[in-house]
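K.L.:
Got a sequence here, can you model it:
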Amino acid sequence: MFKTIKPTKEQVREYMGRRQAEHKPPPTQEEIRRQLGWNVIDIDRDVQGRHRH
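P.N.:
Sure thing, here's the model as predicted:
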């Protein structure tokens, strides 16, 4: 099972404001997700990893 961690609206607005001010080509989707902390977590793997320790 997977769980998505999404940024808040405020975080996205702040990010978009910074992006518009930079006047650069857009980054890759992976880079945008990394900068915003927007991750998909494999819950089963995370739970299994915790039980091993």
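K.L.:
any idea how far the most centrally placed residue in the chain is from residue 30?
P.N.:
In the chain, the centroid-proximal residue (Cα atoms, centre = their mean) is residue 38; its distance is 1.6 Å. Computed as Cβ to Cβ, to the nearest Å, the residue 38 to residue 30 distance reads 10 Å. For every residue, glycine as well, the C-beta is placed using N, CA and C.
K.L.:
ok so, going back, quick one, what contacts the residue nearest to the centre of the chain?
P.N.:
Counting by Cβ atoms under 8 Å, 6 or more residues apart in numbering, residue 38 touches 4-7, 32.
K.L.:
which one of those residues has the most neighbours?
P.N.:
residue 7 (17 neighbours; other Cβ atoms under 10 Å).
K.L.:
Surely that one and residue 35 touch.
P.N.:
No: look at residue 7 against residue 35 with Cβ atoms under 8 Å: they stay out of range, at 9.1 Å.
K.L.:
what do the two both touch?
P.N.:
Joint contacts of residue 7 and residue 35 (Cβ under 8 Å, 6+ apart) are residue 15.
K.L.:
Next SSE downstream of the helix ranked longest in the chain?
P.N.:
If each helix of the chain is counted by residues according to DSSP state H, the longest one is helix 9-22. Remark: after helix 9-22, the chain's next helix or strand is helix 29-36, criterion DSSP states H and E.
K.L.:
relative to helix 9-22, how tilted is that following helix?
P.N.:
Here helix 29-36 points in a direction 120 degrees away from that of helix 9-22 (axes from the mean of the first three to the mean of the last three Cα atoms, to 10 degrees).
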